[in-house]
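1. Could you work out the structure for the sequence below:
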Amino acid sequence: MATLKAPVVACIWKVANLERNTQDGKVVTVHYTVAATDDTYAASAYGSLGLDGDVTTPYSELTEDQIIGWVKESFGAEKVAEVEEALQSQLDEQRAPTKAAGVPW
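-> So this is what the prediction gives:
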């Protein structure tokens, strides 16, 4: 029996929140989400990343694209791909479940 596989869906990375020091405005933690959807199903992931380096961009001038770039750079291409593949696997499982729960009565 062939497994129905959803088409590869683009994953959307977003910043959920930032934690910063109030004295100097430096961002110390990024909270992010990654979402994948098709016409019927959705999958998502949430994570946090502590920033070790100095953020030189003033807090008021930071952009979401810049922050997501930091997260992806910190992860590296292999881990970014793993996150996105995991979301694709969740979509595939929703489309064609391989496990079920319940009772026969």
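2. drop to CA atoms for contacts and neighbour counts, all remaining ones
-> Noted.
3. T29 contacts V15, correct?
-> No. With contacts defined as Cα atoms under 8 Å, T29 does not count as touching V15, sitting 10.7 Å away.
4. Between the two, point out the one with more neighbours.
-> Shown here are T29 and V15; by other Cα atoms under 10 Å, V15 has more neighbours (19 against 16).
5. quick one: what helix or strand has the closest residue to that one other than its chain neighbours in it?
-> Nearest in space to V15, with sequence neighbours left out and distances taken as Cα to Cα, 6 or more residues apart in numbering, is Y32 at 4.4 Å. Taking DSSP states H and E as the criterion, Y32 maps to strand 27-37.
6. now swap in G69 and tell me
-> Element membership for G69 (DSSP H and E) is helix 64-75.
7. Off-centre distance for that helix?
-> Distance, stretch centre to chain centre, for helix 64-75: 11 Å (Cα atoms, centre = their mean, to the nearest Å).
8. Please apply the same query to stretch 92-105.
-> Distance, centroid of stretch 92-105 to centroid of chain: 25 Å (Cα atoms, centre = their mean).
9. That stretch: end-to-end distance?
-> 28 Å (Cα to Cα, to the nearest Å).
10. Also stretch 98-105?
-> End-to-end distance for stretch 98-105: 21 Å, by Cα to Cα.
11. what do you get for stretch 36-47?
-> OK, stretch 36-47 end separation, Cα to Cα: 15 Å.
12. what are the C-alpha coordinates of stretch 79-91, in PDB please?
-> C-alpha atoms of stretch 79-91 as PDB (Å, rounded to 0.1, in the frame of the first residue of the first chain):
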ATOM      1  CA  LYS A  79      19.700  21.600  12.100                       C
ATOM      2  CA  VAL A  80      17.400  24.000  10.200                       C
ATOM      3  CA  ALA A  81      16.800  21.200   7.700                       C
ATOM      4  CA  GLU A  82      16.100  18.700  10.500                       C
ATOM      5  CA  VAL A  83      13.400  21.000  12.100                       C
ATOM      6  CA  GLU A  84      11.700  21.500   8.700                       C
ATOM      7  CA  GLU A  85      11.900  17.800   7.900                       C
ATOM      8  CA  ALA A  86      10.300  17.000  11.300                       C
ATOM      9  CA  LEU A  87       7.400  19.300  10.500                       C
ATOM     10  CA  GLN A  88       7.000  17.700   7.100                       C
ATOM     11  CA  SER A  89       6.900  14.300   8.800                       C
ATOM     12  CA  GLN A  90       4.200  15.600  11.100                       C
ATOM     13  CA  LEU A  91       2.100  16.700   8.100                       C
END
